[in-house]
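**Student:** take this sequence and fold it.
(2 chains)
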Amino acid sequence: MSQEFRIKEKGYINRNKIINFRFNGKNYTGYEGDTLASALLANGIHLVGRSFKYHRPRGFFAAGVDEPNAKLQIQLNGHSEPNVNATEIELVEGMVATSQNCWPSVEFDVGAINNLLQKFFPAGFYYKTFMWPKSFWYKIYEPFIRKAAGLGIASTKKDTERYEHKFEYCDLLVTGSGPAGLASAYAAAKSGAKVILAEDKHRFGGSLLMDDVSIDNLSGKDWADKIISELKEMPNVIVKNRSQVFGYYDHNMLVMFERTGDHLEKKSEFTPRQRLWYIRCKEVILSTGSIERPIVFGNNDTPGVMLSSGAKEYMKVYGVLVGRKPIIFTNNDSAYETAIEFKNNGADPLIIDTRKEQSSDLINDAKNKDIKIKFNHAVIKADGYKKVKSAIIGELSEDKKTYKNTSSVECDCICVSGFWTPSVHLASQSGNKLKFDKEIDAFVPDKSKQEEITVGAANGNFTLHDTLNAGFSAGSQVSKKLNNKDVDIQIPNVTEKKHKTHDKFWCAPLPKNIKAKRFVDFQNDVSVTDIEIALREGYRSIEHVKRYTTLGMATDQGRTSNLNGLQLVSNIENKIVPEVGHTTFRPPFTPVTIGTIVGREVGKHFMPTRLTPMHNWHIKNNAVFVDAGAWKRPRYYKIGNETMLEAATREAKNVRDKVGICDVTTLGKIDVKGPDAAEFLNRVYTNAWMKLPVGKARYGVMLREDGMVMDDGTTTRISEHHYHMTTTTAQAANVLSHLEYYLQIVWPELNVNVVSTTEQWAGAALAGPKSRDVLAKLFPNINVSNESLPFMGYVEGDLFGVPARIFRISFSGELAYEINVQSDYGLYMWEKMMDIGKEFGIQPYGTEALSTLRIEMGHVAGPELDGRTIPYDVSLDGMVSKKKDFIGKRSLTKIAFNEANRQKIVGLVPIDRKTSIPEGSHLVLDKNAQLPNPKLGHVSSSCWSVENNNPFSLAIIKDGKNMIGKKLFAVSPLKNKSIEVEVISSHYVDHEGKRVRS
Amino acid sequence: MLYIKCPYCGMRSQNEFAYGGDASIKRPELNKDVSDKEWDDFVYNRKSPRGKHVELWHHVSGCRQWFKAQRDTATHEIFKTAMMNEEI
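**Tutor:** As a prediction, this is how the structure comes out:
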């Protein structure tokens, strides 16, 4: 293939490097510096996709972010990515591009039948059609919509690319390197301010690359190159190309998406594909430029119809001629530059200008070059299916609502220009309420809400002279504000062509005898008729019209369609545009890959992993782990082919019969110190703490102010003013914040300090009837008898040279101890305990066995303390002091909390003593009752009782106190189970609690 | 993302902080008779003003100090922050 539309010696591409690529199964070539779009156009390819709804043939419409049609599936280096904008992606050797939304091919697409059936696909088609019958939804409508929805195909493979995040702080961020951005960045940088200049394209300069201007006797591009190279030399400036600032958030936080690797044929392992920048800056100058607006006419979506600015960019930057016989359809002067450029490159342009005959610099230039111009004319309709072949044009009547005569003109492309729309997305995101500028018929930024200034075309400033002045002055203003320095900058001399005013002509009327669809929004297939229907059906708010018709949605966010849509609505409604208002501009300005947003936080880096000092031992001993917050905890230790239930039952039984050891390092630990520590604990916990002696532990329950149980655990008095508090693993962070809240805000007069010591101590629980024997051998110098170290006793000891804390506390209901040593000695302690315990039959046990032991004892934990239970509900009301006040006490007097039939914890066993009851099951009186079946309560925890060898569950049910002995049904629609159960006491084992005191 | 001045650490990004609600709420004193209304106002009832609001923030991923901030709930402008024992 020969790139037959490439112009000789034009553009900024590197003709010495040929790049091979494939498109829809055929091989093509382009040059280094091409975009995929410019390379395809150089090969004469316009048809690139099929439209979303009607599957109409679509071609390139623009040359940058404003492109609504050319979204391709790209395969490169084994990855496949959908919806890539062909006008933005740089051409890379080996790139494979495929059209989307068509079958079997873009040339012949079966879905195009929708185009013939378009009468049946009006605005709101989906809302109107898929409503009834209800039974059609799952089997017919949903699969149909799913098949029709979306354009490309998302990859199901793991994304192996590297993405990064970067945090940057600066004085000034300038978004866009057109004349306004360059001038602003330069002026501010000269004063020494730390500046970041971001350009979304590969080349700097914005409109300077395309426009026929000179600055200080340099061409626009040369001047831009000169400024950029000066900026790059300055140590206080970061200059970034391929970087799109796509979001503007509170307090001048902006986010930028940098394509670091997409353009590289080969990149190192450590070069990220894309990078997300979080930029916190003192000042922002928005120089985002403007986007050309199309004029709406019949079949304006035919391939070969494109923005005049796009055609000019393809010629000037890429040396590509998009047609040899172009029609330039315009309501303003700027498109004349495109026509002149066409003429200069040997094409034969025809200008269709909606304005009356007049003269200006550019019109005269065109005339002097013998370019044909038809004033007071409009393009009514494009003809040609997969490519424009001709156009019907008409001479406009006085009111421009009809035509005096029409005729057909041959052409191979139609370049359309309906004047310019400032890119105000970022300004709007910053909180700036936009105002409508009647001079340019578009919205521009109004008063800044953050430290932001908009300059240049983005502010509706369309002459180079004004734009440069605004840029230099904004840059100087910022440096004055930041550094209190005046910057002395000579405003350069500028030569540019003067433009005459544009015509307020946005949509070519369609005579009755001409049939054609006039598209407002190409990406969503929204036509003039769709908007008319929406308004006829009563939609008035522009936000509703948007949602009903999908105008301005999806990846292009209405960049080319918003204002035409607004003009149309305001014409039909007889309102002016500012009364209609505009829809909300939301980030991201352009699509951002999910990979970039996620960055390096994938796999194990998704969140931190907390490991106990004994972790490697657990691994060596076949532990199967479970996540407990960020912690990894052994769930059970697998022997042979054991199932989880078999392993957990073995481990739990070993605790009941002999002795087990459990890693409890993950429990939250908080040091509470200070002369008022006892008083503080007395206020935090529901029970009394003033008389706890040194060397004793106590179980405590803490509430939230609303009376709900927050957490429980034991706290030990280590010395006079020093307490060691433990919390559940899950609540450790919340409890610390809670304590700090009361100490710092509510009772600052208390002299107490709290600090987390969770990571400082490794803990092991030693539980079972033989645990005292093991302890005695571990600490031969300590008297561990029941009298000397009773239940809830505490003693410090020496564990083979390591200082240890020994607490006689129990979660399993057995005689048990908890031993803490400094974290570094955790494994040492564990191995000593395993070693010494061998002769007593010690076995490690995991969280499954731990749960089994506590459930059959009726000890409550997370599933019962779920933030919806008061002490009574979980049988902890005995822990509530009647004498003293504490956090949440006043709430316990609420009427609902004291009703006679208040919910309460109970035990459940299945009648057949065999079927396990799924956690989360609902309890009902009659499983066959009419729906809604009144729910009595729910199953909170379930286990296989090792003591009684049958299933046992804890449940919280209404009037639990009086339900003992009743028969109910536990129903789990999720597991499709309905089990008859008997309500019994929640203490299934050792009712009197003798074992822990033995 | 907000940029918040911790009175102890200086300017930090919002993701280091936890929000703590209305700072004007005073807990009723301990061991005092409190009416249902008074208690409900303390536990549940909060105003949701549009505009200036004095609120609590906790520098959880920093110095772990609670402090006060005066913020505009509509614009998110933060006018002032202060330690708990300072006036705002």
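**Student:** give me the neighbour count for residue 75.
**Tutor:** Just going to use chain A. Around residue A:75 there are 16 other residues, counting by other C-beta atoms under 10 Å in any protein chain shown. For the C-beta atoms, the positions are set from N, CA and C on the backbone; glycine is no exception.
**Student:** try again with chain B
**Tutor:** Neighbour count for residue B:75, taken as other C-beta under 10 Å: 13.
**Student:** okay, the residue nearest the centre of chain A and chain B: tell me how far apart.
**Tutor:** Taking C-alpha atoms, centre = their mean as the criterion, residue A:597 is the residue nearest the geometric centre of chain A, at 6.5 Å. Relative to chain B, residue A:597 is positioned 14 Å away (criterion: C-beta to the nearest C-beta, to the nearest Å).
**Student:** contacting residues for that residue?
**Tutor:** For residue A:597, the residues meeting the contact criterion (C-beta atoms under 8 Å, 6 or more residues apart in numbering or on different chains) are residue A:276.
**Student:** that one in helix, strand or coil?
**Tutor:** In the three-state summary, residue A:597 is assigned as helix, counting by DSSP: H, G, I helix; E, B strand; the rest coil.
**Student:** out of all of them, which helix in chain A is the longest?
**Tutor:** In chain A, ranked by residue count with DSSP state H as the criterion, the top helix is helix A:464-483.
**Student:** can you name every helix or strand that the helix or strand just after that helix contacts?
**Tutor:** Where DSSP states H and E defines the elements, the next helix or strand beyond helix A:464-483 is strand A:494-495. Other elements packing on strand A:494-495 under the criterion 3 or more C-beta pairs under 8 Å, 6 or more residues apart in numbering or on different chains; DSSP states H and E are strand A:214-215, helix A:464-483.
**Student:** pull up the pairing partners for the first one, direction included.
**Tutor:** Here strand A:214-215 is paired, per DSSP bridges, with strand A:218-219 (antiparallel), strand A:494-495 (antiparallel).
**Student:** any idea how far the residue nearest to the centre of chain A lies from residue A:997?
**Tutor:** In this structure, residue A:597 and residue A:997 are 56 Å apart, going by C-beta to C-beta, to the nearest Å.
**Student:** do the same with residue A:336
**Tutor:** Between residue A:336 and residue A:997 the distance is 99 Å, computed by C-beta to C-beta.
**Student:** ok, now which ones touch the most far-flung residue of chain B relative to its centre?
**Tutor:** Most distant from the centre of chain B: residue B:33, at 26.1 Å, with distances by C-alpha atoms, centre = their mean. The contact partners of residue B:33, taken as C-beta under 8 Å, 6+ apart, number zero.
**Student:** which of the three states applies to it?
**Tutor:** Assignment for residue B:33 (three-state DSSP): coil.
**Student:** what's the closest non-adjacent residue to the spatially most central residue of chain B?
**Tutor:** Averaging the C-alpha coordinates of chain B gives a centre point, and the residue nearest to it by C-alpha atoms, centre = their mean is residue B:56 (1.5 Å). Across the structure, with C-beta to C-beta, 6 or more residues apart in numbering or on different chains as the measure, the residue nearest residue B:56 apart from its sequence neighbours is residue B:20 (3.1 Å).
**Student:** now residue A:27
**Tutor:** Excluding its sequence neighbours, the residue lying closest to residue A:27 (C-beta to C-beta, 6+ apart) is residue A:20, at 6.5 Å.
**Student:** check residue A:680 too.
**Tutor:** Nearest residue to residue A:680 in three dimensions, chain neighbours excluded: residue A:752, at 4.7 Å (C-beta to C-beta, 6+ apart).
**Student:** just give me the neighbour total for that neighbour.
**Tutor:** For residue A:752, which is what you asked about, the neighbour count (other C-beta under 10 Å) is 20.
**Student:** who's in contact with it?
**Tutor:** The neighbours of residue A:752, taking C-beta under 8 Å, 6+ apart as the test, are A:672-677, A:680, A:743.
**Student:** and the two most separated of these?
**Tutor:** For the contacts of residue A:752, with distances taken as C-beta to C-beta, the pair at the greatest spread is A:675 and A:743 (13.3 Å).
**Student:** give me every residue in chain A lying close to chain B.
**Tutor:** Where proximity means C-beta under 8 Å from any C-beta of the partner chain, the interface of chain A facing chain B comprises A:249-253, A:278, A:280, A:431, A:449, A:683, A:705-706, A:736-737, A:740-741, A:744-746, A:748, A:884-885, A:890-891.
**Student:** which among the residues you listed end up buried?
**Tutor:** For those, a neighbour count by 16 or more other C-beta atoms under 10 Å in any protein chain shown gives the buried set as A:249-253, A:278, A:280, A:431, A:449, A:683, A:705-706, A:736, A:740-741, A:744-746, A:884-885, A:890-891.
**Student:** tell me which of residue A:675 and residue A:743 has more neighbours.
**Tutor:** Neighbours per residue, other C-beta under 10 Å: of residue A:675 and residue A:743, the larger number sits with residue A:743, 22 against 11.
**Student:** nearest spatial neighbour of that one, chain-adjacent residues omitted?
**Tutor:** Among residues not flanking residue A:743 along the chain, residue A:752 sits closest, at 5.8 Å (C-beta to C-beta, 6+ apart).
**Student:** so who does the residue of the stretch 251-400 of chain A found nearest chain B touch?
**Tutor:** Minimum separation of the stretch 251-400 of chain A from chain B (C-beta to the nearest C-beta) falls at residue A:251, amounting to 3.9 Å. Taking C-beta under 8 Å, 6+ apart as the criterion, residue A:251 is in contact with A:280, A:450, B:1-3, B:76, B:78.
**Student:** on the three-state scheme, it is what?
**Tutor:** Taking three-state DSSP, the label given to residue A:251 is helix.
**Student:** relative to residue A:705, how far out is it?
**Tutor:** 32 Å.
**Student:** repeat that for residue A:674.
**Tutor:** Distance, residue A:674 to residue A:705, by C-beta to C-beta: 23 Å.
**Student:** what's the answer for residue A:772, then?
**Tutor:** Using C-beta to C-beta, we find residue A:772 at a distance of 41 Å from residue A:705.
**Student:** pick out the residue of the stretch 551-700 of chain A closest to chain B.
**Tutor:** For the stretch 551-700 of chain A, the residue closest to chain B is residue A:683, as judged by C-beta to the nearest C-beta, at 6.7 Å.
**Student:** the helix or strand encompassing that residue: what's the following helix or strand?
**Tutor:** Element membership for residue A:683 (DSSP H and E) is helix A:677-684. Counting by DSSP H and E, the next helix or strand C-terminal to helix A:677-684 is strand A:697-703.
**Student:** and the angle for that next one with helix A:677-684?
**Tutor:** The directions of strand A:697-703 and helix A:677-684 differ by 40 degrees, with axes from the mean of the first three to the mean of the last three C-alpha atoms, to 10 degrees as the criterion.
**Student:** could you pull out the buried residues of stretch A:711-727?
**Tutor:** Taking 16+ other C-beta under 10 Å as the basis for neighbour counts, the residues of stretch A:711-727 that come out buried are A:711-718, A:721, A:723-727.
**Student:** wait, stretch B:36-45
**Tutor:** B:39, B:42-43.
**Student:** do the same with stretch A:788-799
**Tutor:** By neighbour count, with 16+ other C-beta under 10 Å as the criterion, the buried positions of stretch A:788-799 are A:789, A:791-795, A:797, A:799.
**Student:** just to revisit the earlier point, which elements pack onto the longest helix of chain A?
**Tutor:** Of the remaining helices and strands, those touching helix A:464-483 by 3+ C-beta pairs under 8 Å, 6+ apart are strand A:163-175, helix A:179-190, strand A:274-286, strand A:452-454, strand A:494-495.
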